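In: Only the shape, not the letters, is given here:
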(Lines give C-alpha, C1' and ligand atoms only; values in the text may rest on other atoms or scores of the structure.)
Protein backbone atom coordinates (compact mmCIF):
# COMPACT_ATOMS: atom_id res chain seq x y z
CA UNK A 1 0.00 0.00 0.00
CA UNK A 2 1.32 3.43 -0.89
CA UNK A 3 0.02 6.82 0.22
CA UNK A 4 0.99 10.30 -0.81
CA UNK A 5 1.29 12.72 2.04
CA UNK A 6 1.53 16.43 1.24
CA UNK A 7 3.68 18.31 3.70
CA UNK A 8 3.65 22.03 3.06
CA UNK A 9 3.30 23.44 -0.46
CA UNK A 10 6.22 21.80 -2.26
CA UNK A 11 7.12 18.63 -0.36
CA UNK A 12 5.63 15.25 -1.21
CA UNK A 13 6.44 12.21 0.92
CA UNK A 14 5.71 8.70 -0.34
CA UNK A 15 4.76 6.36 2.48
CA UNK A 16 5.06 2.69 1.60
CA UNK A 17 3.43 -0.06 3.60
CA UNK A 18 1.63 2.26 6.00
CA UNK A 19 -0.75 0.29 8.14
CA UNK A 20 -1.32 -0.29 11.79
CA UNK A 21 1.55 -2.54 12.76
CA UNK A 22 1.40 -5.06 15.55
CA UNK A 23 3.66 -4.24 18.50
CA UNK A 24 7.08 -5.86 18.25
CA UNK A 25 7.57 -9.20 19.99
CA UNK A 26 9.68 -8.84 23.12
CA UNK A 27 12.84 -10.88 22.80
CA UNK A 28 14.99 -12.21 25.60
CA UNK A 29 12.04 -13.33 27.73
CA UNK A 30 12.84 -16.54 29.59
CA UNK A 31 10.85 -19.48 28.13
CA UNK A 32 9.68 -20.37 31.66
CA UNK A 33 7.92 -16.98 31.82
CA UNK A 34 6.18 -17.52 28.49
CA UNK A 35 5.04 -20.96 29.65
CA UNK A 36 3.83 -19.87 33.09
CA UNK A 37 2.15 -16.68 31.82
CA UNK A 38 1.15 -17.30 28.18
CA UNK A 39 -1.36 -14.42 28.06
CA UNK A 40 1.18 -11.74 29.06
CA UNK A 41 2.22 -9.42 26.21
CA UNK A 42 5.73 -8.48 27.35
CA UNK A 43 6.28 -5.97 24.55
CA UNK A 44 3.15 -4.03 25.52
CA UNK A 45 4.38 -3.99 29.13
CA UNK A 46 7.56 -2.34 27.86
CA UNK A 47 9.93 -5.28 28.31
CA UNK A 48 12.43 -5.43 25.46
CA UNK A 49 14.62 -8.05 27.09
CA UNK A 50 14.71 -10.02 30.30
CA UNK A 51 12.78 -8.09 32.96
CA UNK A 52 14.97 -6.70 35.72
CA UNK A 53 13.99 -6.79 39.40
CA UNK A 54 15.85 -3.53 40.00
CA UNK A 55 12.87 -1.79 38.38
CA UNK A 56 10.55 -2.91 41.18
CA UNK A 57 9.46 0.09 43.25
CA UNK A 58 8.22 -1.46 46.52
CA UNK A 59 10.65 -4.38 46.74
CA UNK A 60 12.66 -3.81 49.94
CA UNK A 61 16.40 -3.18 49.42
CA UNK A 62 17.42 -6.19 51.53
CA UNK A 63 14.92 -8.59 49.93
CA UNK A 64 16.61 -11.88 48.95
CA UNK A 65 17.72 -12.53 45.39
CA UNK A 66 15.57 -14.70 43.15
CA UNK A 67 16.35 -18.38 43.85
CA UNK A 68 18.44 -20.24 41.24
CA UNK A 69 15.39 -22.31 40.27
CA UNK A 70 13.26 -19.23 39.46
CA UNK A 71 13.18 -16.17 37.20
CA UNK A 72 11.46 -12.77 37.50
CA UNK A 73 8.90 -12.37 34.68
CA UNK A 74 6.79 -9.21 35.09
CA UNK A 75 5.09 -6.94 37.63
CA UNK A 76 2.16 -4.66 38.34
CA UNK A 77 2.12 -1.53 40.49
CA UNK A 78 -0.83 0.27 42.06
CA UNK A 79 -1.01 3.06 44.59
CA UNK A 80 -1.14 0.53 47.42
CA UNK A 81 0.94 -2.46 46.35
CA UNK A 82 3.30 -4.04 43.88
CA UNK A 83 3.03 -7.61 42.64
CA UNK A 84 5.99 -9.37 41.04
CA UNK A 85 5.41 -12.56 39.06
CA UNK A 86 7.99 -15.32 38.80
CA UNK A 87 8.31 -18.63 36.95
CA UNK A 88 10.02 -21.60 38.54
CA UNK A 89 11.53 -24.81 37.27
CA UNK A 90 9.02 -27.61 37.01
CA UNK A 91 8.63 -29.94 39.94
CA UNK A 92 9.73 -27.41 42.60
CA UNK A 93 7.24 -27.76 45.49
CA UNK A 94 6.03 -24.67 47.32
CA UNK A 95 7.70 -25.88 50.52
CA UNK A 96 11.12 -25.63 48.87
CA UNK A 97 10.29 -22.16 47.56
CA UNK A 98 9.13 -20.93 50.97
CA UNK A 99 12.11 -22.58 52.72
CA UNK A 100 14.45 -20.62 50.42
CA UNK A 101 12.92 -17.28 51.37
CA UNK A 102 12.62 -18.06 55.09
CA UNK A 103 16.30 -19.07 55.26
CA UNK A 104 17.33 -16.00 53.23
CA UNK A 105 15.50 -13.58 55.53
CA UNK A 106 17.69 -14.49 58.49
CA UNK A 107 16.79 -12.24 61.41
CA UNK A 108 15.11 -9.59 59.24
CA UNK A 109 11.41 -9.16 59.94
CA UNK A 110 8.69 -11.52 61.11
CA UNK A 111 7.49 -14.34 58.86
CA UNK A 112 5.10 -17.26 58.88
CA UNK A 113 2.95 -19.52 56.74
CA UNK A 114 -0.82 -19.23 56.42
CA UNK A 115 -3.52 -21.24 54.63
CA UNK A 116 -4.52 -20.04 51.15
CA UNK A 117 -6.59 -21.10 48.15
CA UNK A 118 -3.50 -22.78 46.68
CA UNK A 119 -2.58 -24.55 49.90
CA UNK A 120 -0.30 -22.24 51.84
CA UNK A 121 1.40 -18.87 51.49
CA UNK A 122 4.38 -17.24 53.14
CA UNK A 123 3.58 -13.89 54.70
CA UNK A 124 5.12 -11.38 57.04
CA UNK A 125 6.58 -7.99 57.75
CA UNK A 126 9.92 -6.95 56.30
CA UNK A 127 11.90 -3.86 57.32
CA UNK A 128 11.59 -0.97 57.12
CA UNK A 129 7.78 -0.82 56.60
CA UNK A 130 6.80 -3.54 54.14
CA UNK A 131 4.28 -6.30 54.52
CA UNK A 132 4.35 -9.06 51.95
CA UNK A 133 3.06 -12.43 50.92
CA UNK A 134 4.52 -15.05 48.60
CA UNK A 135 1.86 -17.13 46.86
CA UNK A 136 2.72 -20.32 44.98
CA UNK A 137 0.70 -20.88 41.82
CA UNK A 138 0.13 -24.40 40.50
CA UNK A 139 1.43 -23.67 36.98
CA UNK A 140 5.11 -23.55 38.00
CA UNK A 141 4.90 -19.94 39.06
CA UNK A 142 4.60 -17.73 42.13
CA UNK A 143 3.97 -14.12 42.97
CA UNK A 144 5.21 -11.78 45.67
CA UNK A 145 2.97 -8.93 46.78
CA UNK A 146 4.57 -6.05 48.71
CA UNK A 147 2.61 -3.29 50.40
CA UNK A 148 3.63 -0.46 52.67
CA UNK A 149 2.31 -0.88 56.23
CA UNK A 150 -0.13 -3.61 55.22
CA UNK A 151 -2.15 -1.42 52.83
CA UNK A 152 -3.08 -4.06 50.22
CA UNK A 153 -5.45 -3.36 47.31
CA UNK A 154 -8.77 -5.14 47.26
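Out: Done, it's in. Quantities reported herein were computed from a predicted structural model and do not represent experimental measurements.
In: residue contacts, residue 116?
Out: Contact analysis of residue 116 by CB atoms under 8 Å, 6 or more residues apart in numbering lists residue 135. For every residue, glycine as well, the C-beta is placed using N, CA and C.
In: Against residue 137, how distant is it?
Out: Residue 116 sits 10 Å away from residue 137, going by CB to CB, to the nearest Å.
In: quick one: the strands in the chain?
Out: Listed in chain order, the strands of the chain (DSSP state E) span 2-7, 11-16, 70-77, 81-88, 110-116, 119-126, 130-137, 141-148.
In: Enumerate the positions of the longest helix along the chain that are buried.
Out: What stands out as the longest helix in the chain, according to DSSP state H, is helix 94-105. Within helix 94-105, the residues that count as buried by 16 or more other CB atoms under 10 Å are 94, 97-98, 100-102, 105.
In: That helix: how far from the chain's middle?
Out: How far helix 94-105 lies from its chain's middle: 19 Å, per CA atoms, centre = their mean, to the nearest Å.
In: Now find how far off-centre stretch 137-154 is within its chain.
Out: A distance of 11 Å separates the C-alpha centroid of stretch 137-154 from that of its chain, computed with CA atoms, centre = their mean.
In: What lies in contact with it?
Out: 32, 35-37, 58-60, 70, 73, 78-90, 92, 94, 97, 118, 125-126, 129-136.
In: pLDDT of it, averaged?
Out: For stretch 137-154, the mean pLDDT works out to 83.
In: Out of the contacts of stretch 137-154, which end up buried?
Out: Buried members of the contacts of stretch 137-154, counted by 16+ other CB under 10 Å: 32, 36-37, 58-60, 70, 73, 81-88, 92, 94, 97, 126, 130-136.
In: what sits against the residue most central in space within the chain?
Out: Most central in the chain under CA atoms, centre = their mean is residue 74, positioned 2.3 Å from the mean C-alpha point. By CB under 8 Å, 6+ apart, the residues touching residue 74 are 33, 37, 40, 42, 45, 47, 51, 84-85.
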